[in-house]
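A.B. asks: Sequence unavailable; structure follows:
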């Protein structure tokens, strides 16, 4: 072993620690990257004030200087088992947007003109994340040089945040105990990156499901079909849940039928009925069902038939009307099964109406349909019946017009919504308002939006 002498027989390690307190320069930067824009927000740690907040879009990052690196004294060699020493950097990421978000935390070098940066093989780090009351260790006593590189950044953590969730990270780093003397007078210049995007890997149905209990969306209890699959001698049961928007004015607006996708002013504002389980190609797909609330089309159902599959109104909606939609709108829609079961009892709870629809064999495959009795009733709550006039009148689906629904009755008539919000039946030859309904493809995602009238969801 070689002992370096300095003054009064001070060994190399002591010299190193003393010298680096003076000459190692530390810079930490915080970068936020969002959809469509990039913000390089550089904080030189020695100049920071406590609890700086950076907000762009739905992401908020709070930089805490509880352990401010105000000088170079923290960056000194230390052993992994030493509890003291090292530099700490803490920041909190909060999802204040309207959709669940995926994000990565990564680290990269910042070039310092005319200076030599220290090789990361001489720097170790520990990273912890605290979500709620639970603190977990992402990495412990790990060399920065061992972190995999993606697009010139070394990714420290990949995770996601639900609505309103916040996670606090503590990043601690130090010089390894046996770093060589050559690192003296080198610079450590690190850039902590928080890359935040809407989780586009998740379908819009998944994003909405995560919002259950918010924005007027609720889960329908105890009706979800259980789908069993068998693979590798194992049976897996997947519960498919359903959700509906309820109340007087939920946040369920979505841009649709845009004549020019680059100009939102050319779009119509439809509304989302909910998240549905739809039979498709011998399986069950989870899809959004949307309704054109601003339709002013009036048509007779048919001259004689009260069955939707044989009706003139179905022919009109799936030919002339569907072909009138923009190309982008048509691309969002494929065939889906609509239930057209006969309903004989109006004094039945909305949830049971849905169960009867799910269990019925009266289904047709088509692209455009109309609302069912359960669609209309569940917008007022799962426990109400079609006789609960007051609740039906208060629903966001009540438009104050006479309009067709998709269900027939047993007397060659068709169910309809009356102008006062109640449910009645009419002969198919009568003319009433029709509000077209479509199921969106299961892979449709949300690009942005909060679902309000002024900020509808944008589809992709």
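C.D. replies: On my side now, so go ahead. This one's a predicted model, so the numbers in the text were calculated from it and none came from an experiment.
A.B. asks: Please make it C-alpha for all contacts and neighbour counts, starting now.
C.D. replies: Will do.
A.B. asks: starting at the chain centroid, how far to stretch 298-309?
C.D. replies: Computed by CA atoms, centre = their mean, to the nearest Å, the chain-centroid distance of stretch 298-309 equals 40 Å.
A.B. asks: before we move on, what about stretch 280-293?
C.D. replies: 18 Å.
A.B. asks: Residues contacting it, please?
C.D. replies: 204-205, 227, 240, 269-279, 336-337, 371, 435-442 (CA atoms under 8 Å, 6 or more residues apart in numbering).
A.B. asks: of these, buried ones?
C.D. replies: 204-205, 269-279, 336-337, 371, 435-442 (16 or more other CA atoms under 10 Å).
A.B. asks: where in the stretch 201-350 of the chain is pLDDT low?
C.D. replies: 201-203, 207, 210, 222-240 (pLDDT under 70).
A.B. asks: All the strands of it, residue numbers only.
C.D. replies: Here the stretch 201-350 of the chain has its strands, by DSSP state E, counting those that start in this stretch, at 217-219, 226-231, 234-239, 243-245, 253-256, 268-280, 283-291, 297-300, 336-339.
A.B. asks: Of all the ones you listed, which one comes closest to residue 386?
C.D. replies: Of all the strands of the stretch 201-350 of the chain, it is strand 243-245 that lies closest to residue 386, at 16.8 Å by CA to CA.
A.B. asks: now the strands of the stretch 201-350 of the chain in CSV, with distance to residue 146?
C.D. replies: Formatted as CSV, the strands of the stretch 201-350 of the chain follow (distance: least, CA to CA, whole Å):
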stretch, distance to residue 146
strand 217-219, 45
strand 226-231, 37
strand 234-239, 38
strand 243-245, 45
strand 253-256, 45
strand 268-280, 43
strand 283-291, 41
strand 297-300, 64
strand 336-339, 50
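A.B. asks: give me the number of residues near residue 315?
C.D. replies: Neighbours of residue 315 under the rule other CA atoms under 10 Å: 16.
A.B. asks: Spit out the contact partners of it.
C.D. replies: Contacts of residue 315 were listed using CA under 8 Å, 6+ apart, and none were found.
A.B. asks: try 10 Å this time
C.D. replies: 302, 308, 309, 321, 322, 368 (CA atoms under 10 Å, 6 or more residues apart in numbering).
A.B. asks: got it, and residue 364?
C.D. replies: By CA under 10 Å, 6+ apart, residue 364 lies in contact with 308, 309, 335, 336, 337, 338, 339, 340.
A.B. asks: and it, what element?
C.D. replies: Under the criterion of DSSP states H and E, residue 364 resides in strand 363-366.
A.B. asks: and if you look at residue 358?
C.D. replies: Applying DSSP H and E, one finds residue 358 within helix 350-359.
A.B. asks: which stretches of the stretch 51-200 of the chain form strands?
C.D. replies: Counting by DSSP E, counting those that start in this stretch, the strands of the stretch 51-200 of the chain are 52-56, 59-64, 77-78, 87-95, 101-109, 123-131, 134-143, 149-150, 153-161, 166-176, 188-198.
A.B. asks: buried residues in stretch 241-251?
C.D. replies: Buried, per 16+ other CA under 10 Å, within stretch 241-251: 241, 242, 243, 244, 245, 246, 247, 248, 249, 250, 251.
A.B. asks: and the residues you listed as CSV, adding distance to residue 354?
C.D. replies: Output for the buried residues of stretch 241-251, formatted as CSV (distance: CA to CA, whole Å):
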residue, distance to residue 354
241, 13
242, 10
243, 12
244, 11
245, 14
246, 15
247, 18
248, 21
249, 22
250, 21
251, 23
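A.B. asks: Out of these, which is nearest to residue 61?
C.D. replies: Residue 61 lies nearest to residue 251 out of these, by CA to CA, at 26.1 Å.
A.B. asks: I'd guessed the closest one sits against residue 270; true?
C.D. replies: No. Using CA atoms under 10 Å, residue 251 is not in contact with residue 270, being 11.4 Å away.
A.B. asks: what do those two both touch?
C.D. replies: Between them, residue 251 and residue 270 share these contacting residues under CA under 10 Å, 6+ apart: 453, 456, 457.
A.B. asks: thought the last one was touching residue 268?
C.D. replies: No. Taking CA under 10 Å as the definition, residue 457 is not a contact partner of residue 268, at 11.7 Å.
A.B. asks: Who has more neighbours out of those two?
C.D. replies: Neighbours per residue (other CA under 10 Å) separate residue 457 from residue 268, with residue 457 holding more: 28 against 17.
A.B. asks: Just read off the phi/psi values of the more buried one.
C.D. replies: phi -60, psi 140 (degrees, to the nearest 10).
A.B. asks: Give me the neighbour count for residue 365.
C.D. replies: 15.
A.B. asks: ok, the residue nearest to it when sequence neighbours are not counted - contacts?
C.D. replies: Nearest residue to residue 365 in three dimensions, chain neighbours excluded: residue 337, at 4.4 Å (CA to CA, 6 or more residues apart in numbering). Residues in contact with residue 337, defined by CA under 10 Å, 6+ apart, are 278, 279, 280, 362, 363, 364, 365, 366, 367, 368, 369, 439.
A.B. asks: what about the fourth one, distance to residue 339?
C.D. replies: Noted for residue 362: a distance of 6 Å to residue 339, by CA to CA, to the nearest Å.
A.B. asks: related to what we said a few turns ago, now tabulate the strands of the stretch 51-200 of the chain in TSV and tack on mean pLDDT.
C.D. replies: Rendered in TSV, the data for these read as follows (pLDDT from 0 to 100):
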stretch	mean pLDDT
strand 52-56	54
strand 59-64	75
strand 77-78	84
strand 87-95	85
strand 101-109	80
strand 123-131	92
strand 134-143	93
strand 149-150	77
strand 153-161	84
strand 166-176	90
strand 188-198	72
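A.B. asks: Take the ones you listed and lay them out in a markdown table including mean neighbour count and distance to residue 354.
C.D. replies: Shown next, in a markdown table, are the strands of the stretch 51-200 of the chain (neighbours: other CA atoms under 10 Å; distance: least, CA to CA, whole Å):
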| stretch | mean neighbour count | distance to residue 354 |
| --- | --- | --- |
| strand 52-56 | 14 | 42 |
| strand 59-64 | 21 | 38 |
| strand 77-78 | 21 | 65 |
| strand 87-95 | 21 | 34 |
| strand 101-109 | 20 | 32 |
| strand 123-131 | 19 | 38 |
| strand 134-143 | 14 | 40 |
| strand 149-150 | 12 | 48 |
| strand 153-161 | 17 | 32 |
| strand 166-176 | 20 | 37 |
| strand 188-198 | 22 | 32 |
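A.B. asks: what angle sits between the helix holding residue 358 and strand 268-280?
C.D. replies: Calculated by axes from the mean of the first three to the mean of the last three CA atoms, to 10 degrees, helix 350-359 forms an angle of 50 degrees with strand 268-280.
A.B. asks: Same question for helix 350-359: list its buried residues.
C.D. replies: Judged by neighbour count (16+ other CA under 10 Å), helix 350-359 contains these buried residues: 350, 351, 353, 354, 356, 357, 358.
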